[in-house]
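A.B. asks: Need coordinates for the below:
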Amino acid sequence: MHFSNSAPGDSSLPILCYYINDTNQLQLIRIGNASNWLLERIIFPGQRFMFDTLPDALLEIYSHSVSEGLLLTRIPCQRLRVQEKTHVL
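C.D. replies: Here you go, the predicted structure:
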């Protein structure tokens, strides 16, 4: 994974994301639209994966179905962003 130095508040700062493979198939996940950013992993069924990426990135999920062949799903990484919870004392 790679990102360049950016000013605070810049939309090119990375965000922390979380993805779970809730299928019974192996999946290949990758970031497909962020220049100078590399992420490509095999995710096993039930595996959870946390990663950093740019806010406008799309997670591409490749899986295989016997009846439908190769399937591609795209999810905006903003939807996978980890939200920090604050505790009130």
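
A.B. asks: Quick check: buried residues in stretch 56-64?
C.D. replies: Going by neighbour count (16 or more other C-beta atoms under 10 Å), the buried part of stretch 56-64 is Ala57, Leu58, Leu59, Glu60, Ile61, Tyr62, Ser63. Yep, even glycine has a C-beta here, placed from its N, CA and C like the rest.

A.B. asks: Check those and tell me the two furthest apart.
C.D. replies: Using C-beta to C-beta, the two most remote members of the buried residues of stretch 56-64 are Ala57 and Ser63, lying 19.2 Å apart.

A.B. asks: Find the nearest non-adjacent residue to Asp77, please.
C.D. replies: Rather than Asp, residue 77 is Cys. Leaving aside its chain neighbours, Cys77 sits nearest to Ala57 (4.5 Å; criterion: C-beta to C-beta, 6 or more residues apart in numbering).

A.B. asks: Could you pull up the residues touching the one you found?
C.D. replies: Taking C-beta atoms under 8 Å, 6 or more residues apart in numbering as the contact definition, Ala57 lies against Ile31, Asn33, Ala34, Trp37, Pro76, Cys77.

A.B. asks: give me that answer again for 10 Å
C.D. replies: Ala57 makes contact with 14-15, 17, 31-34, 37, 39, 51, 75-78, 80, according to C-beta atoms under 10 Å, 6 or more residues apart in numbering.

A.B. asks: Check the spacing between the residue most central in space within the chain and Pro76 real quick.
C.D. replies: Nearest residue to the geometric centre of the chain (C-alpha atoms, centre = their mean): Leu59, 4.5 Å. Applying C-beta to C-beta, to the nearest Å, the value for Leu59 to Pro76 is 8 Å.

A.B. asks: hang on, the earlier thing: which members of the buried residues of stretch 56-64 occur in strands, if any?
C.D. replies: Judged by DSSP state E, the subset of the buried residues of stretch 56-64 located in strands is Leu58, Leu59, Glu60, Ile61, Tyr62, Ser63.
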